[in-house]
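>>> any chance you can model this:
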Amino acid sequence: MGMPRRRKGARALGPYENGDGWRVREVAADGSATWSPTFASEREADIYKESLEQTIVCGELTVWSGLEEYEKFLDRKGNKKDSKRQTLWALRQFFSEDVPFWAIREGYCEKRYKALTEQFSVASHRGMLAQAKTFLNWCVSQKWLKENPCKAKGLGRRNRRKVQLSSNEAKAWFSTAYTLAEGDDDGAMSALVAMLMGLRASEIVGIKIRDLDETDQPCDSLWIRESKTETGERHLEVPSVLVPLFQKLSAGRAGDRWLFETSKGKDGRHWRDWPNLQVKRICELSKVPQVTCHGMRGFVATLSLRKGQEDVSAYLGHNDTRTTDDHYALPGAREQGLRKRGIEVLLRKKTILAQDADTSEVSDGLGKPLRATNENN
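Numbering: from 1, shown residues only. Next up, the predicted model:
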């Protein structure tokens, strides 16, 4: 479609005071002029004037027709077909309604992003927001927008308040999920994997039957071959409570099949938001606060660090312990674990000293046992 051109000679003037309010004067290309309704504040009149100016520049151009032009731009840029398809899919999730560009303001973007956070995983909705910002920057360069309304302060900022389940909530959640998983509920099984193994949603849907390994018994270890980082490719011990469920789910199936299959996804594979939806479903059924797969990874990080385990970052597939501490575990979890290990060391030393005292021997720190002497002799 041809893009609308600026209405030559047309302009918007004001705002001007009008009694207790403000109004804008629109001058048409032929010189005729009309007044806008009277607004209660100058800011409201400014907003109206801005919408008029955008209409003058690009007519009634809507966001969907803008996306058609953006697709042509991506073609000229040489974007690969699959990359372009994913970009446009993300943008159409963000801009789910065909609205004129003058209606796309900060409030609109905030409302759309909030809706996405309730439908998609963290990685997905952040990716959609990033694509929307890039698209709107391009629209600014086309003079369709005066500024990018998706750059509102705080929009998409990471929430540092980590939402995790308490011990009692986790017990209720686990009980519900395990009962459903025993009843062949694959979704509940995927949610259990998120809780007990702390896998990313993309790692859960990427598990194939061949990835279930045998150390002492079938399905007691798991290869994570498909991860977003090189460190994420790892070999994990499967919690004993999950082993029989893995065995049941994989029994008699070919190694190249997905562990969790669907008839709706590409090649029988679930979209990565599926485990996240399952985690939330169990939250609703067990009547506990809503958490996500990301929150379950944080739960595993917090619990493991508090127990004093040292290889938590490697288990979660993180390159740096700071990632685990700053973005997953609750504050102070590692310090609690260190204190616990310190206390255990002291208790062990106390036990050893007590045993040595029973045999009347102590060490001088150089490896030479000294026989305790009686000063009265």
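
>>> in stretch 307-321, what's buried?
Judged by neighbour count using 16 or more other Cβ atoms under 10 Å, the buried positions of stretch 307-321 are 308, 312, 313, 315, 316, 317, 318. No exception for glycine: its C-beta is placed from N, CA and C like everyone else's.

>>> pull up the distance across that stretch, start to finish.
One end of stretch 307-321 to the other measures 16 Å (Cα to Cα, to the nearest Å).

>>> could you list the domains of this protein?
Following automatic domain parsing, the chain resolves into domains at 11-58, 63-151, 167-333.

>>> using CSV, lay out those domains together with mean pLDDT and distance to residue 348.
Putting these into CSV (pLDDT from 0 to 100; distance: least, Cβ to Cβ, whole Å) gives the following:
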stretch, mean pLDDT, distance to residue 348
domain 11-58, 78, 69
domain 63-151, 86, 42
domain 167-333, 90, 13
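
>>> now those domains in a markdown table, with distance to residue 341?
Formatted as a markdown table, the domains of the chain follow (distance: least, Cβ to Cβ, whole Å):
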| stretch | distance to residue 341 |
| --- | --- |
| domain 11-58 | 59 |
| domain 63-151 | 32 |
| domain 167-333 | 4 |
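
>>> one step back: in the buried residues of stretch 307-321, find the pair that's most separated.
Maximum pairwise distance among these (Cβ to Cβ): 20.5 Å, between 308 and 317.

>>> now the helices: where do they sit in the chain?
Using DSSP state H, the helices assigned to the chain run over residues 42-58, 63-77, 81-94, 106-117, 122-141, 167-182, 186-197, 201-205, 243-250, 273-286, 293-306, 312-316, 321-327, 333-358.

>>> residue 15: which of these is closest?
helix 42-58 (3.5 Å).

>>> from residue 326, how far out is the residue most central in space within the chain?
Here the mean C-alpha position of the chain is nearest to the C-alpha of residue 122 (Cα atoms, centre = their mean), at a distance of 1.9 Å. Applying Cβ to Cβ, to the nearest Å, the value for residue 122 to residue 326 is 15 Å.

>>> before we move on, what about residue 17?
Taking Cβ to Cβ, one finds residue 17 at 52 Å from residue 326.

>>> ok, residue 257 to residue 44 distance?
60 Å.

>>> hang on, the earlier thing: how far away is the residue nearest to the centre of the chain from residue 44?
From residue 122 across to residue 44, the span is 36 Å (Cβ to Cβ).

>>> returning to what we had before: can you redo the buried residues of stretch 307-321 as CSV with distance to residue 114?
Converted to CSV, those look like this (distance: Cβ to Cβ, whole Å):
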residue, distance to residue 114
308, 39
312, 32
313, 32
315, 33
316, 28
317, 29
318, 29
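
>>> out of those residues, who's nearest residue 332?
Nearest member of the buried residues of stretch 307-321 to residue 332, counting by Cβ to Cβ, is residue 308, at 13.3 Å.

>>> burial of the closest residue to the residue nearest to the centre of the chain other than its chain neighbours, as a residue count?
For residue 122, ignoring the flanking residues on the chain, the nearest one in space by Cβ to Cβ, 6 or more residues apart in numbering is residue 294 at 5.0 Å. Residue 294: 21 surrounding residues under other Cβ atoms under 10 Å.

>>> now swap in residue 46 and tell me
Residue 46 has 15 neighbours, counted by other Cβ under 10 Å.

>>> ok, it - contacts?
Contact analysis of residue 46 by Cβ atoms under 8 Å, 6 or more residues apart in numbering lists residue 15.

>>> distance-wise, check it relative to residue 148.
Noted for residue 46: a distance of 18 Å to residue 148, by Cβ to Cβ.

>>> cool, residue 196 as well?
Noted for residue 196: a distance of 42 Å to residue 148, by Cβ to Cβ.

>>> same question, residue 242
In this view, residue 242 and residue 148 are 46 Å apart by Cβ to Cβ.

>>> what do you get for residue 101?
Noted for residue 101: a distance of 12 Å to residue 148, by Cβ to Cβ.

>>> identify the contacts common to the two.
Residues touching both residue 101 and residue 148 (Cβ under 8 Å, 6+ apart): residue 139.

>>> between the two, point out the one with more neighbours.
Higher neighbour count among residue 101 and residue 148: residue 101, with 24 against 19, using other Cβ under 10 Å.

>>> what about the residue nearest to the more buried one when sequence neighbours are not counted, neighbour count?
In this structure, residue 101 finds its nearest non-sequential neighbour in residue 144, 5.1 Å apart by Cβ to Cβ, 6+ apart. Here the count is done by other Cβ under 10 Å, and residue 144 has 21 residues near it.

>>> next one: residue 213
15.

>>> please begin residue numbering at 251 from this point
Will do, 251 is the new start, and the previous item becomes residue 463.

>>> tell me the phi and psi of residue 288?
Backbone geometry at residue 288, expressed as degrees, to the nearest 10, gives phi -90, psi 130.

>>> contacts only, for the residue nearest to it when sequence neighbours are not counted.
In space, and not counting its chain neighbours, residue 288 is closest to residue 271: 4.0 Å by Cβ to Cβ, 6+ apart. By Cβ under 8 Å, 6+ apart, the contact list for residue 271 reads 288, 289, 290, 291, 295.

>>> residues contacting the second one?
By that I understand residue 289. By Cβ under 8 Å, 6+ apart, the residues touching residue 289 are 265, 271, 272, 273, 295, 298.

>>> is the second one bridged to anything, and to what?
Under the criterion DSSP bridges, residue 271 forms beta bridges with residue 268.
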